[in-house]
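Peer 1: Sequence and predicted structure are below.
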Amino acid sequence: MRIAFARSDNSHVSRWWWELDRWMFGTLLLLIAVGLLLTVAASPAVAERLGLNSFHFVKRQAVFMVMGIGGILFVSMLTKQWVRRLAVVLFPITLGLVYLTVFQGAEIKGATRWLQLGSFTLQPSEFLKPVFIVCTAWMFSEQFNNPSFPGKKVAVVLYLLVIGGLLMQPDYGQTFLISAVFLGQLVLAGLPVLWLGAFAGLGIVALVVAYMFVPHVQNRIDIFLDPASGDSYQIDTALNAFRAGGMFGRGPGEGAVKRVLPDAHTDYIFAVAGEEFGAILCLAIVALFAVIVIRGLSHLLEEENTFVVFAAGGLLALFGLQAFINLAVNLAILPAKGMTLPFVSYGGSSMLALSLTMGMVMALTRKNKFLKGKFSHTRFPKSTKSAGQNVGEAS
Amino acid sequence: MSLSPRLHIAESHKAKMEIARNRLMVAIFIFAAAFTLLGLRMLDLGLVQRVAEAGNNHSEHAAVMASRSDIVDRNGVVLATNLQTSSLFARPKRITEPRVAAARITAVLPELSEADVYTKLTSSKSFVWLKRKLTPREKWQVNALGIPGLDFQNEEERIYPQGAMASHVLGYVDIDGKGLSGIERFFNSRLSDPSFADEPLVLSMDVRVQHALGDELSKTMERFSAIGGAGVVLDIETGEVLAMASMPDFDPNHAGSASRDARFNRATAGVYELGSIFKTFTLAMALDSGVVELNDSYDARQPISIAGFKIKDDHPQNRILTLPEIFIYSSNIGAAKIAMDVGGEEQRNFLQRLGMLRPATIELGEVAWPLYPERWRDINTMTISYGHGIAISPLQLAVGSAAMVNGGELITATLIKDHDADYGDRRRIISESTSEQIRAMMRATVQIGTGKNANVPGYRVGGKTGTAEKSDVGGYREDALMSSFMGAFPMDAPRYLVLISVDEPKGIAETYNFSSAGWVAAPTVRNIVARIAPILGVEPSTEEDPHFQQAALLIDASKAN
C-alpha cells in the first residue's frame, strides 16, 4: 500500500496518516492476514464435522476481517477525547448486554455468554473489556491530575460491576483477564507495592477457592500439574501437533489435529499452525504479538498524557495477556483455559472487539513526531528536578 | 522546601509520572520475557522433542511386527498366516455428541446396531471396542467422519488362505488371536512366542493329499446323502498324518458362524463302532498268539446265539471257511469263534497294547476316550472281534491298522513334520510274518473279497471293509450304518494307509440300494488312492508279491456267494 500524502496537505486524513504508527498498523494487518490463512487451514475440517459448508467459517471470517480493518481505520482516526467519549457511551451499553446474557443468553457449553442477533452471536463481554479499561484509565488520570477526585473509588465500583456480570455467566477466563489488566492499571497509577502484594495474594486466594469449589478448574489444574491424573487429550493432541510439525510443518492441509480437536479453529488454532506450517510460522506469530505489545508500550514511555498511558497501556496489556495465555495453553505452559488468539482465532465478536481495542490504541498513540522531542524536553527535562516552568496539564 | 501549592502538585505529578514510567518499563520487560519464553518452548517442541518422537514411532512399529507364526504344510504351502488390519475403538469421555456420533458410525458400518454403539459411547469406561478388524475401505470411511474420540489400533487378523481345507486340524483363533481349537490351540504358546515369529510351524500334512481326501469324502457324502464322514491318510512308517478330514467342515476364517456339528472333528473327537475292520486285529491276534494257523477253518454255517443276541454274517457263505475266507468275506461268525478260541482276556490285553482302550495320541486337544465294556464278557469278546460293542475314533483305528500292515510295530501318529526325528519310537505288537499274512489277506479282500471296489490297477491296494450298524437306544438299527474302509498301498511294500468312514449313507440305485462299506467306502478309497499315489511317488506295477499266493490258495473263490 502506497498512499502518498503531501506533507503540506493539512487535511484531517493526511494528518492522521502522518501521525499514525504505520509500523504497528502494518504488523496488525499482517497478523490479521495470518489469521485468515490459518482459518482457511483449520476451519474446513471443523465446519465439515458440524455439517456446515466447508468454507462457512472462512467466508464469515473474511467478512469480519474487512469489517475489522475498517473498524481499526475508523477508530484510529478518532481524537483522544472522542476515544474517551466512545468508551464512556459504550460502557453502560455493553455492561447492560453482559447482564442481559445472564438472563436470556444462548447457553453454549454450559455458560451463557452470547446473545443471538439473527445469524450472528454477539459476545458482549469482548466489547466490554476495552471500553471498561478506557473508562478506568480516565478515572485514574483524573485523580492523578487532581488528587481530590475519587477516580480510584469509581473505578473499583465499575470493576466490581463488570466482574459481577462475568462471574454470573460464568466466564472465569475473562474475569481473570480483566482483573489482571485492572491491577496493572492500578500499578501504573501509583499503587504502592505493598498493595500490589495484597492484591496478588487476593488473586491467589481466588484461584485456590476456584480450585476447591469449581470442579472443572480443579480438573484442569490437576491435569496441568500431573497429566496422568485425568483426561489431557486436548493438550496432548496439541503438543503432538507441534512435535509432528517440527520446524517447517507437515505442509498446508496435511495436519491431523484439526480433524480431532473441537476448537481447532478457535482456541487451538496455534496448534494447527504448528502442525501444518511448523515452528517457523509459530515463531513469526509470537514475534508479531511481541512487536505490537512492546512497540505500543514503548511509545508510552515518552507520553506525558496520563490518560493515554493508562488507557493504551491497559489495552495493550489486555491484548498481550490474552495472546500470551492462548499461546501458553497451546504450548502446555499454562493449564487449559479457553481463550482466543487475538485476530487469529475465528470469531466475529472477538475480531470486531479487537479492532476497537487496537483502533483505540492507535488513536491514542498517534502523535506529531516533529513535536515530540521538543515538547518532552521542554516540559519534563529528565536531568533537572527543579525545572518547574510550564507545567500545564496536557490536553 | 516551600513551594506554592501549584508547584507542589506539579512536583508530585512529576514524581508519580516517573514511577509510572519505571513500572511501564518493568511491564515491557515482563512481556518481552513472556514472549521469549513462548518462542523457546516453540523451539523445544518443534526441534528437540520432534526427534524424540520419531524414535518412539519406530520402536512402536517394530512391536506390531512381532506376530503369531505361520502354519505351513510339509512342502511349505501356507495354511495359516496373518494380515495387518485396524480395529476401531472409542474413548467415550472424549465423544462430545454420542447420539450424532452413533448415527454417523452406523451409517458407515451398517452391521453395528446404533443403540449398541450409543450405549458404548456413553459408557463410563475410558476405552471401548466398536468394531474389530476393519477393511481398509471401512477404516478410510470412519476416518473421513472425523469424529473426535475415535481411534484405531493396529491388529493382526489370522488368515487361512486354503479356506475350509484341513480346518479341523488347523482349528481357529478368537478375535484376540488366541488359539481355540486344533493346532492353533495345541501349539498356542509356540505360535504366539515372539522368538518363533519368523519360523513357521511345519505340519506333516500335504495339501495335495488333503484336498484329494476332503474332495472325495464330500463327494461320497453327497452321493449317498450321508450325515457325516471322516478320513485319515497316514504314513505307516513314520506315523505322520498326511491328511485328516471331517465332514461337514467349516471355514476357519469365519469359525464363529459355523455350527457345532461342522466344527466337530469326527476323526479324533468322535468315537464310533467301526465294524469289521476290527477283524484285522482279531485275526492278527489269533495268528500271532499261535492259537490258529492260516489254514485253520471254522464252521460259519450256523449263526451264534448268545445272551439273546444272534451273530450272523452279512455275506453268508454257509460253509466251513478258512481264515483268509473269514477275512475276505468278512464272516462275523468266524471272527467271533476265533476270538473265543483266543480268549477274552487275551483280546483285551491285545487291544490295550494296540492303544485301542485309551485316547489317540495326537497333537490336538479334541481327542475322545474310546467306549468299551467295563466287564469283558463272552458276548463282548465275540462282538468286539468284528468291531461292535467298542467305539473308537477313526484315527485310533488307522493307527492300530497301520501296526497290522507295517511289519507289526505300533507307531505314534503326529501332525508335525519333524526334520530331526527318526520316528523310531515303536512298539512291536505282532511279528513280521503275521503282518505279512494280514497283508496277504487284505490284498485278497480287494482282489476278490468285499473290498473289490477299492482296487486301483497298478497300485496294489489291500484293505478291509467295515460296515457297522449304528447303535441306538435298545439295540442296533439296520437302516443306519457306519460304512468304513481301511486301505493300504502298495501292498508289497506298504507305506500309506487310507481310512474312510461314512456316517449313515443311504443306498442308491447304482449300488442296488446297498449302503455297506464295499459299496460306499471302498470306492471312495479307490478314488483317493488313484489321486494321491502318483503325488506320493508310488510307482505303479502289475507284479504281485509271491507271498500272497499262499493266502490265495486257501480261498475258494469259485464258491464265493
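Peer 2: Thanks, I have the structure now.
Peer 1: which residues does residue 332 contact?
Peer 2: With no chain named, the answer covers chain A. A:224, A:235, A:238-239 (C-beta atoms under 8 Å, 6 or more residues apart in numbering or on different chains). Quick note: C-beta positions are derived from backbone N, CA and C, even for glycine.
Peer 1: meant chain B actually
Peer 2: B:Asn332 touches B:276, B:311-314, B:385-386, counting by C-beta under 8 Å, 6+ apart.
Peer 1: which among the contacts of A:Ala332 are in contact with chain B?
Peer 2: Within the set of those, contact with chain B (C-beta under 8 Å from any C-beta of the partner chain) is found for A:Leu239.
Peer 1: Most neighbours of all the contacts of A:Ala332, which one?
Peer 2: Taking other C-beta atoms under 10 Å in any protein chain shown as the neighbour criterion, A:Ala238 ranks highest of the contacts of A:Ala332 with 29 neighbours.
Peer 1: So for the lengthiest strand in chain B, what gets flagged as buried?
Peer 2: The residue-count maximum for a strand in chain B (DSSP state E) belongs to strand B:475-489. For strand B:475-489, a neighbour-count test (16 or more other C-beta atoms under 10 Å in any protein chain shown) marks B:480-489 as buried.
Peer 1: Include distance to chain A and pLDDT when you put these into JSON lines, please.
Peer 2: Output for the buried residues of strand B:475-489, formatted as JSON lines (distance: C-beta to the nearest C-beta, whole Å; pLDDT from 0 to 100):
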{"residue": "B:Ala480", "distance to chain A": "64", "pLDDT": "85"}
{"residue": "B:Leu481", "distance to chain A": "66", "pLDDT": "88"}
{"residue": "B:Met482", "distance to chain A": "63", "pLDDT": "91"}
{"residue": "B:Ser483", "distance to chain A": "64", "pLDDT": "92"}
{"residue": "B:Ser484", "distance to chain A": "63", "pLDDT": "94"}
{"residue": "B:Phe485", "distance to chain A": "65", "pLDDT": "95"}
{"residue": "B:Met486", "distance to chain A": "65", "pLDDT": "95"}
{"residue": "B:Gly487", "distance to chain A": "65", "pLDDT": "94"}
{"residue": "B:Ala488", "distance to chain A": "65", "pLDDT": "94"}
{"residue": "B:Phe489", "distance to chain A": "65", "pLDDT": "89"}
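Peer 1: Which of these sits closest to A:Thr306?
Peer 2: The closest of the buried residues of strand B:475-489 to A:Thr306 turns out to be B:Met482 (C-beta to C-beta; 110.9 Å).
Peer 1: what secondary structure does the residue in the stretch 301-450 of chain B that chain A sits nearest to sit in?
Peer 2: Nearest to chain A in the stretch 301-450 of chain B, going by C-beta to the nearest C-beta, is B:Gly365, at a distance of 42.5 Å. Assigned with DSSP: H, G, I helix; E, B strand; the rest coil, B:Gly365 falls in the coil class.
Peer 1: near chain B, which residues of the stretch 101-250 of chain A show up?
Peer 2: Counting by C-beta under 8 Å from any C-beta, the stretch 101-250 of chain A sits next to chain B at A:144-145, A:147, A:184, A:187-190, A:231, A:233, A:239-240, A:242-247.
Peer 1: Now list the buried members of those.
Peer 2: A:144-145, A:184, A:187-190, A:233, A:239-240, A:242-246.
Peer 1: low pLDDT regions in the stretch 451-561 of chain B?
Peer 2: B:473-474, B:543-554, B:556-561 (pLDDT under 70).
Peer 1: which stretches of it form strands?
Peer 2: B:462-472, B:475-489, B:496-503 (DSSP state E, counting those that start in this stretch).
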